[in-house]
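S.K.: model the following, please.
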Amino acid sequence: MEGLGIMPEQIQITVNGQLISVPKNTSVLLLLKQLGLDQNIVFVELNKNALLKKEYEQTILQPNDRLELVRVTAGG
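M.R.: Purely as a prediction, here's the structure:
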């Protein structure tokens, strides 16, 4: 069926308690971009483990991963 776009295989992950679907092989960095979040002001916890910013690009999300995303703000 030439000309028909084939949807990439989707996986389900949980982000801040909400189940969402993302394309297979999505990195944490790509997810942040898709969500409109700046990687420099977001803290990422993946399956209860904190990620370093340098790990965002090479960390590929897997089915049933659980992420907590926290926007860091300066304050006093």
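S.K.: residue contacts, N47?
M.R.: Applying C-beta atoms under 8 Å, 6 or more residues apart in numbering, one finds that N47 lies in contact with 65-66. Backbone N, C-alpha and C define where each C-beta goes, glycine included.
S.K.: could you rerun that using 10 Å?
M.R.: By C-beta atoms under 10 Å, 6 or more residues apart in numbering, the contact set of N47 is 14, 62, 64-68.
S.K.: likewise for L31?
M.R.: L31 makes contacts with 13, 15, 20, 22-23, 37, 44, 56, 59, 61, 65, 67, 69, as judged by C-beta under 10 Å, 6+ apart.
S.K.: what's the answer for K24, then?
M.R.: By C-beta under 10 Å, 6+ apart, K24 lies in contact with 8-11, 60-63.
S.K.: hmm, try it at 7 Å
M.R.: K24 is in contact with 8-11, counting by C-beta atoms under 7 Å, 6 or more residues apart in numbering.
S.K.: one step back: among the contacts of N47, which pair sits farthest apart?
M.R.: Greatest spatial distance in the contacts of N47: Q62 and E68, 15.9 Å, computed using C-beta to C-beta.
S.K.: show me where the chain has its strands.
M.R.: With strands called from DSSP state E, the chain shows them at 10-15, 18-23, 42-46, 49-50, 66-71.
S.K.: could you dump the ones you listed into JSON lines with mean pLDDT, mean neighbour count and distance to K33 added?
M.R.: What follows is these, written out as JSON lines (pLDDT from 0 to 100; neighbours: other C-beta atoms under 10 Å; distance: least, C-beta to C-beta, whole Å):
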{"stretch": "strand 10-15", "mean pLDDT": "98", "mean neighbour count": "16", "distance to K33": "14"}
{"stretch": "strand 18-23", "mean pLDDT": "97", "mean neighbour count": "12", "distance to K33": "12"}
{"stretch": "strand 42-46", "mean pLDDT": "97", "mean neighbour count": "17", "distance to K33": "11"}
{"stretch": "strand 49-50", "mean pLDDT": "98", "mean neighbour count": "9", "distance to K33": "20"}
{"stretch": "strand 66-71", "mean pLDDT": "96", "mean neighbour count": "14", "distance to K33": "12"}
